[in-house]
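Undergrad: turn this into a structure:
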Amino acid sequence: MLELKPNCECCDRDLPPGSPEARICSYECTFCADCVEAHLKGVCPNCGGNFVPRPVRPAHMLVKHPASTTRHHALEGCSQGDAA
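TA: Numbering: from 1, shown residues only. Below is the predicted model of the structure:
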C-alpha cells in the first residue's frame with residue numbers, strides 16, 4: 001500500500017491525498033508536478049527513476065488506511081537542476 005506522503009520533498013508544498021499535483025517514483029519518493037518538471041526534469045534525485053501521477057485513494061478507504069503525516073523534505077531543496 002502506498003504511504004501517501006503529505007508534501008513535496010523538494011519545495012515542501014502540501015500534497016493532500018487527493019492532490020492531482022503529486023508525483024511519485026517506484027520508491028514512493030514524492031514531489032509536486034512543478035518541481036518534477038522545472039527542477040528535476042522528470043528524474044528522481046533519490047533513485048534516478050521516472051515519475052508518474054500518484055494514485056488517489058478513495059475517501060472511504062482513507063478512514064481505514066489514512067495518508068502519512070510524516071513530512072519528508074530535503075533542507076537543501078531539490079538536489080538536481082536548480083534549487084526550489
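Undergrad: how about the strands in this structure?
TA: 22-24, 30-32, 52-53 (DSSP state E).
Undergrad: give me the pLDDT for the residue nearest the centre of the chain.
TA: Nearest to the geometric centre of the chain sits Thr30, at 1.8 Å (CA atoms, centre = their mean). On the pLDDT scale, Thr30 is placed at 97.
Undergrad: on that earlier part again, out of the strands of the chain, which one sits most buried?
TA: Ranked by mean neighbour count under mean count of other CB atoms under 10 Å, these are led by strand 30-32, which reaches a mean of 26. C-betas here are computed from N, CA, C, even on glycine.
Undergrad: pLDDT-wise, which helix or strand of this structure ranks last?
TA: One helix or strand of the chain scores below all others by mean pLDDT, DSSP states H and E: helix 59-64, with a mean of 95.
Undergrad: now do that one: everything it contacts.
TA: When contacts are defined by CB atoms under 8 Å, 6 or more residues apart in numbering, helix 59-64 is touched by residues Pro17, Gly18.
Undergrad: so how far is Ile24 from the residue nearest to the centre of the chain?
TA: 5 Å (CB to CB, to the nearest Å).
Undergrad: likewise Leu2?
TA: 7 Å.
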